[in-house]
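Novice: Following is a predicted model, sequence given first.
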Amino acid sequence: MSLLSLLRVRLSQGQQAIADVRTAVPAGFRGRPSLADAACPDDCHACIAACPTPVAAISKAPLAIDLGRCVFCAECATACPEAKITFGESPHMAATSRDGLTLTAGRPHGDAEARAQVHASQAFHKLFGRSLKLRQVSAGGCNACELELGAAANVNFDVSRFGIDWVASPRHADALVLSGTLTRTMRDAVRLCWDAMPEPRFVIAVGACAISGGLHEGSRGVDRGFLDDVAPALYVPGCPPHPLTFVNAILDFLGVP
C-alpha cells in the first residue's frame, strides 16, 4: 500500500484513541439505570415478571435493581406501565462491595454517586498505582465479557497507558480477573491460577455471570465455591460490561485521578 493510500485510510478513520476515558460516554450503550422516586402500585409486578434471570434482578418496596444480576436486557423498562425504569449511557457502575451494586428508588444515580461505590484502597494504590498486572480466566463464559476485556487494551481505550497490562502467567499477576459463571469443570483451574499468584493479590469479578451466576444462577453445572472462599475486591457489572466500565472501575479502585 502506498504512503498516500495509508494517509487516506488514517484520515478516514479519524482519531481512534479516547483521550479521556474518565469522562467518555459511549453512545448507544445501555448503561447504568435510573429509578423513579414515586412508589409503584401494590398490584403491579410487571417488571419482576419480565426479568429473565432465575432470581429476579429487580424487586419492589422499594423499587431496586441488583446490577450484579442484571443482564441489561431492559425488559423491565419495556414492561413497566409507568416508565419508572430507564437505562442511561453512563458506564460508571462498579462497586467494591456486593451491596454497592444495588440501586434503589430515591437514591441519587449520578456519576459521582456511582463512583462513590468504588472505595479507593490506599494500600493497593501504593502497591499497584503505577503498575498492575492482570490475569484473566474465563470460567464458563460466553466470550462476550472476554471480548470486551480484550478491547480494554486496544488503541481506543489503551488501559496500558495507566500501567495496567494483561499477563499470560498467573505468577506474574497481581489480580485475577474472573468472567463466566464459574462452572464445575473450571473449578480446579480457577483455584490453581489463584494459588499460583504471589501475594499481595486480589480478585475482580467481571459481568453478571461472575458476580451472581447470571442467567445460570443455581444451575447444577455451576460451582461458585471459590468466591465463597475468596471475596472479590472489585465488582464490574454488565452483560457484558463496556471496556470503559472496566477501565474506570480499576482506576477508581486504585485512586487514580
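Specialist: Yep, it's here. Residues are numbered from 1 along each chain as shown.
Novice: Buried ones in the longest strand along the chain, by neighbour count?
Specialist: Longest strand in the chain by number of residues (criterion: DSSP state E): strand 132-138. If you call a residue buried by 16 or more other Cβ atoms under 10 Å, then strand 132-138 has these buried ones: Leu132, Lys133, Leu134, Arg135, Gln136, Val137, Ser138. In short, each C-beta sits where N, CA and C put it, glycine included.
Novice: Tell me where the stretch 1-150 of the chain has strands.
Specialist: 33-35, 58-59, 64-66, 85-87, 102-104, 132-138 (DSSP state E, counting those that start in this stretch).
Novice: What average pLDDT does the last one get?
Specialist: Spelled out, that is strand 132-138. Here strand 132-138 scores 98 as its mean pLDDT.
Novice: How about the second one?
Specialist: Summarised as a single mean, pLDDT over strand 58-59 is 94.
Novice: Repeat that for the fifth one.
Specialist: When the per-residue pLDDT values of strand 102-104 are averaged, the result is 94.
Novice: which secondary structure elements does it contact?
Specialist: strand 33-35, strand 64-66 (3 or more Cβ pairs under 8 Å, 6 or more residues apart in numbering; DSSP states H and E).
Novice: in its sheet, what does the first one sit against?
Specialist: So that's strand 33-35. Strand 33-35 has the following strand partners under DSSP bridges: strand 85-87 (antiparallel).
Novice: before we move on, what about the last one?
Specialist: Counting by DSSP bridges, the strands paired with strand 64-66 are strand 58-59 (antiparallel), strand 102-104 (antiparallel).
Novice: how about the helices in the stretch 1-150 of the chain?
Specialist: 3-13, 46-50, 75-79, 111-115, 122-128, 144-151 (DSSP state H, counting those that start in this stretch).
Novice: Redo those as a markdown table? Include distance to Pro232, mean neighbour count and mean pLDDT.
Specialist: Converted to a markdown table, those look like this (distance: least, Cβ to Cβ, whole Å; neighbours: other Cβ atoms under 10 Å; pLDDT from 0 to 100):
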| stretch | distance to Pro232 | mean neighbour count | mean pLDDT |
| --- | --- | --- | --- |
| helix 3-13 | 37 | 9 | 75 |
| helix 46-50 | 27 | 17 | 96 |
| helix 75-79 | 25 | 18 | 96 |
| helix 111-115 | 18 | 16 | 83 |
| helix 122-128 | 13 | 14 | 90 |
| helix 144-151 | 14 | 19 | 97 |
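Novice: I'd like those helices laid out as TSV, including distance to Val159.
Specialist: As requested, the helices of the stretch 1-150 of the chain are exported to TSV (distance: least, Cβ to Cβ, whole Å):
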stretch	distance to Val159
helix 3-13	20
helix 46-50	35
helix 75-79	31
helix 111-115	17
helix 122-128	13
helix 144-151	10
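Novice: about what we covered before: let's have the strands of the stretch 1-150 of the chain in CSV, adding distance to Val21.
Specialist: Formatted as CSV, the strands of the stretch 1-150 of the chain follow (distance: least, Cβ to Cβ, whole Å):
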stretch, distance to Val21
strand 33-35, 22
strand 58-59, 30
strand 64-66, 25
strand 85-87, 21
strand 102-104, 23
strand 132-138, 15
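Novice: wait, which of the ones you listed is closest to Ile18?
Specialist: Ranking the strands of the stretch 1-150 of the chain by their distance to Ile18 (criterion: Cβ to Cβ) puts strand 132-138 first, at 19.2 Å.
Novice: mind checking how far the closest residue to Thr53 other than its chain neighbours is from Ser90?
Specialist: Nearest residue to Thr53 in three dimensions, chain neighbours excluded: Arg69, at 5.1 Å (Cβ to Cβ, 6 or more residues apart in numbering). From Arg69 across to Ser90, the span is 19 Å (Cβ to Cβ, to the nearest Å).
Novice: Could you give the number of residues near the residue nearest to Thr53?
Specialist: 24 (other Cβ atoms under 10 Å).
Novice: quick one, what contacts it?
Specialist: Contacts for Arg69 (Cβ atoms under 8 Å, 6 or more residues apart in numbering) come out as Thr53, Val55, Ala56, Ala57, Ala208, Ile211, Ser212, Gly214, Glu217.
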